[in-house]
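Q: starting from these lines, generate the structure:
(chains A and B)
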Amino acid sequence: QQKVQQSPESLIVPEGGMASLNCTSSDRNVDYFWWYRQHSGKSPKMLMSIFSNGEKEEGRFTVHLNKASLHTSLHIRDSQPSDSALYLCAASTGNTGKLIFGLGTTLQVQP
Amino acid sequence: EAAVTQSPRSKVAVTGGKVTLSCHQTNNHDYMYWYRQDTGHGLRLIHYSYVADSTEKGDIPDGYKASRPSQENFSLILELASLSQTAVYFCASTRESSYEQYFGPGTRLTVL
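A: Down below sits the predicted model:
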């Protein structure tokens, strides 16, 4: 069973709309969550990270974390066609630097 | 921005042959990682390293060896390549464990 579960598997939103992506870990030792974006044929690049309860905003991207439920969500407002990509959630524990990735959410933004 | 390069970018290998994938970073990062990406399995950690001349097993190390001869270089070795090892392989590096991982461009490996 995947230790990091993402939903939905795929998502279609209109240009200018809001995209909401979810991620939950089943490992109680997780202390850091990461969101990576991977365009088709490219390598993953980090979007945002969060380790404290609450919310963090950077431009059009907002990430939430509930440490009690080990649930994080990524929200993209004013979605653009260039946001179309695979979004990967990853979790890390302790100081090993090891990341456990979910299977990802494929986002398609339709013009 | 952090620079991680991989070679080759693509390779076709025969079953039972030896394959070496190379990774080089110029960012003075201590931590380096090898992942494979497959449809339906996401990104999975194969081997990683905290320091030169030392490697650690990741989550799926069977069938793979790793070598870290210097801080800048990290290799992944498939001694006896198998069909199931067809995948895209990514190398990544980071300065410390709680920092952003920077990924290389990937190597597409096809084993026939």
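Q: in what helix or strand does the residue in chain A that chain B sits nearest to lie?
A: Nearest residue of chain A to chain B (C-beta to the nearest C-beta) works out as A:Gly97 at 3.4 Å. (Glycine included, C-beta is placed from N, CA and C.) Per DSSP states H and E: A:Gly97 is located in neither a helix nor a strand.
Q: please name the nearest non-neighbouring residue to B:Glu79.
A: B:Lys18 (5.7 Å; C-beta to C-beta, 6 or more residues apart in numbering or on different chains).
Q: ignore what I typed, I meant A:Gly54.
A: Nearest non-adjacent residue to A:Gly54 (C-beta to C-beta, 6+ apart): A:Leu65, at 6.7 Å.
Q: residues touching the helix or strand where that neighbour lies, excluding its own?
A: Using DSSP H and E, the element containing A:Leu65 is strand A:61-66. Applying C-beta atoms under 8 Å, 6 or more residues apart in numbering or on different chains, the contact partners of strand A:61-66 are A:33, A:35, A:47-48, A:50-57, A:71-77.
Q: give me the ChimeraX select line for those, limited to the buried ones.
A: Selecting only the buried entries of the contacts of strand A:61-66 in ChimeraX, with 16 or more other C-beta atoms under 10 Å in any protein chain shown as the criterion:
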select /A:33,35,47,48,50,72,73,74,75,76
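Q: gap between the residue nearest to A:Glu15 when sequence neighbours are not counted and A:Met18?
A: For A:Glu15, ignoring the flanking residues on the chain, the nearest one in space by C-beta to C-beta, 6+ apart is A:Pro111 at 5.0 Å. Separation of A:Pro111 from A:Met18 (C-beta to C-beta, to the nearest Å): 16 Å.
Q: between those two, which one's more packed in?
A: The neighbour comparison of A:Pro111 against A:Met18 (other C-beta atoms under 10 Å in any protein chain shown) goes to A:Met18, with 13 against 8.
Q: can you tell me which residues contact the more buried one?
A: Here A:Met18 is in contact with A:75-77, A:79 (criterion: C-beta under 8 Å, 6+ apart).
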